[in-house]
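1. could you look at this predicted model? Sequence included:
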Amino acid sequence: MSTFDIETPVLIVGGSLVGMSTALLLAHHGVPALMVEHHRGTAIHPRAALINQRTMEIFRTVGVEQIVMQKSGEQFDQDGAVMSVETLAGKEIAYFIPNLNDGVRDVSPTVRVFITQKLLEPLLKMRAQELGAQLQFGAEMISFDQDADGVTALIRDRDSGETSNVRARYMVAADGSHSRIREQLGIRMFGRGVFSNSATIYFRADVNPLLRGRNLSIIMVVNPTLRGFFRIEKPYQSGFLAVNTLGSPDDPDTDVTRDLTEERSRALVHAALGAEDVPVTIEDVMPWQSTADVAERFQDGRVFLAGDAAHVMPPYGGFGGNTGIADAHNLAWKLALVLQGKADPRLLSTYEPERRPVAAFTVEQAYTRYVTRSARYLGTSGLQKAENDLNIELGYCYRSRAVIPENDDDGRGHENPRESKGRPGRRAPHIFLEPGEEKISTLDLFGRNFALLAGPDGRAWCESSSDAAKQLGLTLDIRRMETGTFADAYGITPSGAVFVRPDGFVAWRAKSSEGASSDTLLRVTRAILNL
Ligand SMILES: Cc1cc2nc3c(=O)[nH]c(=O)nc-3n(C[C@H](O)[C@H](O)[C@H](O)COP(=O)(O)OP(=O)(O)OC[C@H]3O[C@@H](n4cnc5c(N)ncnc54)[C@H](O)[C@@H]3O)c2cc1C
């Protein structure tokens, strides 16, 4: 008989945006993980809201894209601007992104969306439960230990005080920026450190007249009183003001939270609105630290760090939560295949080399935006050049033992997703299968299994891949693509083929039918599975 109260393939500690997404993605792959979350329910504050195209593509795979899209419209007018002002009532300074989806619609079957965590998390929760995830709220992980075969953790129910021993094969630490799991493992954070004790001030006020019909998603405020940003929800009677620094922009006070009474909070909201006469009710104030750091390691044995536990960045660019969801997406299929015995556990050690460089780059990009848009006093020398948002969101490249690179790989960490053209280590490009008809994207062909997509003359690859899959006991989605633009979009000739991982990243590519045999595919697949 087992000495443990609960046994689970994967224990996820932390059930906020990233922990919940991990539970959902694992459940999608048939792994009924146990998620424990200290809070008694999903987010009570709006928090993150900008959900980028990559996250929406992931949501599309697990069947929540439509509901997220629908609900988001209740909360925000979509396609707003990211811009800056001296005050909401006063002078505009710059429009960084005039319309959230301008110039990006061609690269994806979906779009960037604004929806707060408060509305989003219940949707993820419902779907995760539908797919078999075990979600335990009001439960805290008190301690853990790992050995060669698994992780043992002590969980306490906060209401009853009862404790249980959980035994898991693997553990995901999605326990946030102050991760105690990371601390216990002795994993250090590297980067820019903490540069402000910031605060988010939630308020109610009729700001509709001050918007003057403008559709503004993120309104940065830069004036001699404060630097921060507004986010305002429909019907424009409430929102938040995040404040990063106070006073002189050249020599600011970076401790916003000191003496932040209700009266002082109201004064800051008034200073950002530029309208003293608008009645403002303060609803809540949440302190947080502006930080730009990345963990030195993302894995320790059977424990994986994901989300803010692995990387923390200032919310300039809306990258934080999205990067965490991409971590979960990268890890889920690998855990599933290893747990099913179809891949060698070494596949899991491709998580860190794939995700850490992306996270480190994204953290620096967020820092660049923070400094140039709001905190020039930190100094602009040594800053990374600001990269186009689209390249950060969709153009990151993976290099690891789960990708078979080509000889001419240029080693870039990110690129314009329109240029990736199906090269290994890049997100497989989107094209609609039958332009003008039912909107099925190439991306809809990925998500659960490996996929072999061959060009219109790529019959030889289809036949040999089917043999190889049978030998490995692997489910492989095989398809010969009739769509005329496919071969060009994926950088192959009509007789070539691409091998795409369950996370929609190209693992390997054959530009023509040369070498088409089940032996080739066996070799390729075994290499990717680290067998
Ligand atoms: C003002 C602001 C605006 C932002 N806007 C955006 C945006 O628009 N887009 C975006 O992508 N990102 C945005 N971010 C960043 C985003 O909010 C974070 O990156 C994201 O919420 C991190 O999620 P997480 O699940 O990794 O961590 P957290 O949200 O910190 O969750 C960690 C969870 O772990 C739980 N926990 C910790 N220890 C234990 C334990 N021992 N046992 C059980 N549970 C435990 C905690 O209770 C907590 O719920 C914003 C951040 C701020 C501050």
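-> Good, I have the coordinates.
2. and Thr254, how many residues sit next to it?
-> Around Thr254 there are 18 other residues, counting by other Cβ atoms under 10 Å. Every C-beta, even on glycine, is put in place using the N, C-alpha and C of the backbone.
3. cool, Asp293 as well?
-> Counted with other Cβ under 10 Å, the neighbours of Asp293 add up to 22.
4. please apply the same query to Tyr351.
-> Other residues lying near Tyr351 total 21 when counted by other Cβ under 10 Å.
5. ok, Tyr377 next?
-> Neighbour count for Tyr377, taken as other Cβ under 10 Å: 15.
6. what residues does it make contact with?
-> If a contact means Cβ atoms under 8 Å, 6 or more residues apart in numbering, then Tyr377 has Thr245, Pro249, Asp250, Asp251, Pro252 as its contacts.
7. and the residues you listed, which of them are buried?
-> A residue is treated as buried here by neighbour count (16 or more other Cβ atoms under 10 Å); on that basis the buried members of the contacts of Tyr377 are Thr245, Pro249, Pro252.
8. how about the residues you listed in a markdown table, adding secondary structure, distance to the ligand and pLDDT?
-> Listed next are the buried ones among the contacts of Tyr377 as a markdown table, based on DSSP: H, G, I helix; E, B strand; the rest coil; distance: Cβ to the nearest ligand atom, whole Å; pLDDT from 0 to 100:
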| residue | secondary structure | distance to the ligand | pLDDT |
| --- | --- | --- | --- |
| Thr245 | strand | 14 | 98 |
| Pro249 | coil | 20 | 94 |
| Pro252 | coil | 18 | 97 |
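9. remind me, longest helix of the protein?
-> Of all the elements of type helix in the chain, the one with the most residues (DSSP state H) is helix 351-374.
10. tell me which other helices or strands it touches.
-> Contact partners of helix 351-374 among helices and strands, from 3 or more Cβ pairs under 8 Å, 6 or more residues apart in numbering; DSSP states H and E: strand 189-204, strand 216-222, strand 226-233, strand 238-246, strand 281-295, strand 311-312, helix 320-339, helix 389-394.
11. buried set for it?
-> The neighbour-count check on helix 351-374 (16+ other Cβ under 10 Å) flags 351-371, 373-374 as buried.
12. what's the mean pLDDT across that helix?
-> Taken as a whole, helix 351-374 has a mean pLDDT of 97.
13. okay, the angle between it and strand 238-246?
-> In this structure, helix 351-374 runs at an angle of 80 degrees to strand 238-246, with axes from the mean of the first three to the mean of the last three Cα atoms, to 10 degrees as the basis.
14. close to the ligand, is helix 351-374?
-> No - using Cβ under 6 Å from any ligand atom, no contact is recorded between helix 351-374 and the ligand, whose separation bottoms out at 9.3 Å.
15. quick one, what contacts the residue positioned nearest the centre of the chain?
-> Closest residue to the average C-alpha location of the chain: Asn322 at 2.5 Å, with Cα atoms, centre = their mean. Contacts of Asn322 were listed using Cβ under 8 Å, 6+ apart, and they are Leu50, Ile51, Asn52, Arg54, Thr55, Glu393.
16. so which of the residues you listed reach the ligand?
-> Checked against the ligand using Cβ under 6 Å from any ligand atom, those yield the following neighbours: Leu50.
17. any chance of the helices and strands packed on helix 351-374 in JSON lines with distance to Lys125 as columns?
-> Supplementary listing: the helices and strands packed on helix 351-374 in JSON lines, determined by distance: least, Cβ to Cβ, whole Å:
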{"stretch": "strand 189-204", "distance to Lys125": "22"}
{"stretch": "strand 216-222", "distance to Lys125": "25"}
{"stretch": "strand 226-233", "distance to Lys125": "21"}
{"stretch": "strand 238-246", "distance to Lys125": "23"}
{"stretch": "strand 281-295", "distance to Lys125": "21"}
{"stretch": "strand 311-312", "distance to Lys125": "24"}
{"stretch": "helix 320-339", "distance to Lys125": "14"}
{"stretch": "helix 389-394", "distance to Lys125": "24"}
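18. so where do the helices sit in this structure?
-> The residue ranges that make up the helices of the chain, judged by DSSP H, are 17-28, 53-61, 65-75, 117-130, 180-184, 208-211, 262-273, 320-339, 351-374, 389-394, 459-472, 486-489, 518-528.
19. please identify the most buried of the ones you listed.
-> Neighbour counts averaged per stretch over the helices of the chain are highest for helix 17-28, at a mean of 29; criterion: mean count of other Cβ atoms under 10 Å.
20. comparing the helices of the chain by mean pLDDT, which bottoms out?
-> Averaging pLDDT over each of these singles out helix 459-472 as the lowest, with a mean of 92.
21. so what angle separates the directions of that one and helix 518-528?
-> With the same axes, to 10 degrees applied, the angle from helix 459-472 to helix 518-528 works out at 60 degrees.
22. now helix 459-472 - C-alpha only, CSV.
-> Output of helix 459-472 as CSV, limited to C-alpha atoms (Å, rounded to 0.1, in the frame of the first residue of the first chain):
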residue,chain,number,x,y,z
ARG,A,459,3.8,11.2,-50.9
ALA,A,460,7.1,9.4,-50.2
TRP,A,461,7.5,11.2,-46.9
CYS,A,462,3.9,10.4,-45.9
GLU,A,463,4.4,6.7,-46.5
SER,A,464,7.7,6.4,-44.7
SER,A,465,6.6,8.5,-41.7
SER,A,466,3.6,6.2,-41.2
ASP,A,467,6.0,3.2,-40.9
ALA,A,468,8.3,5.0,-38.6
ALA,A,469,5.5,6.1,-36.3
LYS,A,470,4.2,2.6,-36.1
GLN,A,471,7.6,1.3,-35.1
LEU,A,472,7.9,3.9,-32.3
